[in-house]
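1. Would you be able to build a 3D model of this:
(2 chains)
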Protein chains: 2
Amino acid sequence: MEQHEDVGLVKRTTARLSDGREILYFDASDGAVRVLVDPRELPRSVSSSESRYDPVLDEWVGIAGHRQGRTFLPPTDQCPLCPSRPGLHSEIPSPEYDVVVFENRFPSFATDVPDVSPTVDEGGQLFVRQAGAGRCEVVCFTSDHQSSFARLSPDQVRLVMQAWVDRTSELSGLPSVEQVFCFENRGEEIGVTLSHPHGQIYAYPFVTPRTRRMLDSARRHRERTEGNLFADVLAEELRAGTRVVARSEHWTAFVPAAARWPVEVHVYPHRHVPDLPSLTDAERDDFAELYLDVLARGDALYDGPLPYIAAWHQAPVRVDRDLAYLHLQLFSVRRAPGKLKYLAGSESGMGVFINDTTPEAVAARLRELAP
Amino acid sequence: MEQHEDVGLVKRTTARLSDGREILYFDASDGAVRVLVDPRELPRSVSSSESRYDPVLDEWVGIAGHRQGRTFLPPTDQCPLCPSRPGLHSEIPSPEYDVVVFENRFPSFATDVPDVSPTVDEGGQLFVRQAGAGRCEVVCFTSDHQSSFARLSPDQVRLVMQAWVDRTSELSGLPSVEQVFCFENRGEEIGVTLSHPHGQIYAYPFVTPRTRRMLDSARRHRERTEGNLFADVLAEELRAGTRVVARSEHWTAFVPAAARWPVEVHVYPHRHVPDLPSLTDAERDDFAELYLDVLARGDALYDGPLPYIAAWHQAPVRVDRDLAYLHLQLFSVRRAPGKLKYLAGSESGMGVFINDTTPEAVAARLRELAP
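-> Purely as a prediction, here's the structure:
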């Protein structure tokens, strides 16, 4: 089961958990030795995931009935993302780790899902479905339960990036996978059930609705102007300046002109690349510094750590890779101390976001909050 | 200011609140007399609403910076939606009412918004904006603070429907309005700040993103099959039967085959009509009965009243009225007793909904829960 590789400056060690799920250690030091044997006797998890096509909204939806029973806010001393120790057999058999990735025990998409009939209720042509073939992984950013992404060192962020790059490349090679999504949900306010600093990776069996919409816009923009939409948006934001939060040699962070969320920052590389594996080492180093700066500003906005979603928008695996432009979208439902933005009738029913702040005011506030 | 009209079987009385906002009483009895003078001295509200076009997602977003200070969970004895009484001057001057509608004091879209430059940061072509011209109204379903929509009588529901019909017709006549949206947000779980039974009406200055997507799908479906997409979906659901929750002479309630939310029921009229004003009296009577049945099933699902959003999907005012098909979408974030569905990375970042239940299981459960 065990396998060691050098991935750039990183040592990668892979193994299997007792129920067959893969686990991958990413270590900064070549000398790191990890305990790979999982002493638990976990039943092989069964995933019934399927994707159903909604003919009215022209989108795929994931149906994952097996996820109802998943872990919900366990006590801290039972954290499944901490390293194992005497008395605790967590998801990570090793007593130490730097960054570790493993397959989600309750995946929305999985590699071993059962085949399904191509139509829901045989005979109908409108309700199409397919197996929820794909993969969902958990990324533990650090073994320190009390830390957060914002408190990682730049070197630790670089190690997390190496894991994202490795997973994007490898998951893109699975025949069923059409798009790889690296993201972090942070805070109970958005339903995070485990407080240990971690993110997730979804390898979807279709191009996601948001990405399809972005690429459709980019295609129309190219037909009209011959330019790349995202590059032109970035140039326009730099020209206007009023919504720029921070910039470095290779990256710019700005609040978009039509921001939907009370806090929303997009981080664009200055060079047009489709995905994380396409970044140079210098760009990766630089991102670590800039992103930590932006996260510190976010945490300083209110009276406590900012709940947020951080979403990497990468090109699909097979289509429109020339149109796509890698960027990170960081956004929060926190609209004031003690107050959240809810997606109610207008947002959830009609898709019309109402933002109770102006993007320029939020950008000005974030600029002031220099870490 | 005062004006009385007979609207079908309903008496409609209109007046102005002290800051100039319109208020409309819909009464079941011709003999109802309402107190119309608002004794408060409210400052004229100022709305800075604007709509900004997002060139990446090809959608309009509402920017309403003046809404940050809006009323947030006032104590029950200060409810602004209860009738006025000695010691309380609420938004409704009259000491009694059946159904009342008034302009929202903190509107996302308003009729008297300032003009804005057509571009954000003059000179750029990518960031387009327009005044947030439209109108937002509040609909109080009953004067009884402790009631709920589910506990209205069928006659009361009919009166609410008369108000929806009246407002849809009148707001559709405003030159800036492109779509009228009647909806109810119910429950603190989705951010409702006032517990008095009420809904809202948004008159948007653009066709909403969800409606555009639905109509694009309907257009493609018609080109391919010559049929109406929604009529064909309804026929297919009736044929399959596995997701039908309840039906009556003129309406069918079903869980859609690709439901996004843990509880989601769509209520379709059997006749293809574009909007609420197009319904016959018989269809309106029948809806009141069926919808109360569906709401009762929803409230019986868990250990308390179901938090929900109820959204009426109506045709746009000016375009594609032949493609659109009136229907109600009722959905909830409650996925289990004490547990909510959150829109985290996959949903909010990528637009991919993951449903932790199967539509067929939810429909079967709702069928069992006969009121």
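
2. contacting residues for the residue in the stretch 251-371 of chain A that chain B sits nearest to?
-> Nearest residue of the stretch 251-371 of chain A to chain B: A:Y342, at 2.8 Å (Cβ to the nearest Cβ). (Glycine included, C-beta is placed from N, CA and C.) Applying Cβ atoms under 8 Å, 6 or more residues apart in numbering or on different chains to A:Y342 gives the contacts A:V333, B:I190, B:G191.

3. and which of those residues is nearest to B:S248?
-> B:I190 (27.7 Å; Cβ to Cβ).

4. got the phi/psi numbers for the closest one?
-> phi -110, psi 20 (degrees, to the nearest 10).

5. Would you check how far apart it and B:K341 are?
-> Using Cβ to Cβ, to the nearest Å, B:I190 is found at 11 Å from B:K341.

6. Mutual contacts of the two, please.
-> Joint contacts of B:I190 and B:K341 (Cβ under 8 Å, 6+ apart) are B:V333.

7. buried stuff in the helix or strand that contains A:R297?
-> Taking DSSP states H and E as the criterion, A:R297 maps to helix A:281-300. Using 16 or more other Cβ atoms under 10 Å in any protein chain shown as the test for burial, helix A:281-300 gives A:283-295, A:297-299.

8. Can you get me a residue count around A:R219?
-> If you count neighbours by other Cβ atoms under 10 Å in any protein chain shown, A:R219 ends up with 13.

9. and what of the one 10 residues further on?
-> The number of residues packed near A:L229 is 22, by other Cβ under 10 Å.

10. got it, and A:D216?
-> When neighbours are defined as other Cβ under 10 Å, A:D216 has 14 of them.

11. Spell out the secondary structure type for it.
-> Reduced to three states with DSSP: H, G, I helix; E, B strand; the rest coil, the structure at A:D216 is helix.

12. what do you get for A:F331?
-> The three-state label given to A:F331 by three-state DSSP is strand.

13. who does it bridge with?
-> A:E264, A:I309 (DSSP bridges).

14. What does the pLDDT read for the spatially closest residue to A:C79 that is not a sequence neighbour?
-> Excluding its sequence neighbours, the residue lying closest to A:C79 (Cβ to Cβ, 6 or more residues apart in numbering or on different chains) is A:H196, at 5.2 Å. Looking at A:H196, its pLDDT is 95.

15. ok, now A:E5?
-> Looking at A:E5, its pLDDT reads 64.

16. And for A:Q68?
-> pLDDT at A:Q68 comes out at 64.

17. Give me the below-cutoff pLDDT ranges for the stretch 1-150 of chain A.
-> Regions of the stretch 1-150 of chain A meeting the criterion pLDDT under 70 cover residues A:1-9, A:67-76, A:123.

18. Let me see the contact set for A:G173.
-> For A:G173, the contact set (Cβ under 8 Å, 6+ apart) is empty.

19. coming back round to it: just curious, which of the contacts of A:Y342 is nearest to B:L279?
-> B:I190 (27.2 Å).

20. and that closest one, how many residues sit next to it?
-> Using other Cβ under 10 Å, B:I190 is surrounded by 20 other residues.

21. ok, it to chain A distance?
-> From B:I190 across to chain A, the span is 5 Å (Cβ to the nearest Cβ, to the nearest Å).

22. now, the most widely separated pair of the buried residues of helix A:281-300?
-> Among those, A:E283 and A:D299 lie farthest apart (Cβ to Cβ), at 24.4 Å.

23. what sits against the closest residue to A:D286 other than its chain neighbours?
-> Counting by Cβ to Cβ, 6+ apart, A:H250 is the residue found nearest to A:D286 once chain neighbours are left out, at 4.3 Å. Listed by Cβ under 8 Å, 6+ apart, the contact set of A:H250 reads A:P269, A:H270, A:R271, A:A282, A:E283, A:D286, A:F287.

24. domain assignment for chain A?
-> Listed by automatic domain parsing, the domain ranges of chain A are A:3-205, A:210-368.

25. For those, please prepare a markdown table with the additional fields distance to B:D155.
-> Shown next, in a markdown table, are the domains of chain A (distance: least, Cβ to Cβ, whole Å):
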| stretch | distance to B:D155 |
| --- | --- |
| domain A:3-205 | 33 |
| domain A:210-368 | 25 |
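
26. First-to-last residue distance for stretch A:224-232?
-> End-to-end distance of stretch A:224-232 (Cα to Cα, to the nearest Å): 13 Å.

27. Spatially nearest residue to the closest residue to chain B within the stretch 51-200 of chain A, not counting backbone neighbours?
-> Of all residues in the stretch 51-200 of chain A, A:G191 sits closest to chain B, at 2.8 Å by Cβ to the nearest Cβ. Closest residue to A:G191 apart from its sequence neighbours, by Cβ to Cβ, 6+ apart: B:Y342 at 2.8 Å.

28. right, and the residue nearest to A:C79 touches A:C82 too?
-> Yes. Look at A:H196 against A:C82 with Cβ atoms under 8 Å: they come within range, at 6.3 Å.

29. what is in contact with those two at once?
-> Contacts common to A:H196 and A:C82, judged by Cβ under 8 Å, 6+ apart, are A:H145.

30. quick one: the helices in chain A?
-> With DSSP state H, the ranges of helices along chain A come out as A:154-172, A:209-225, A:229-240, A:281-300, A:350, A:359-368.
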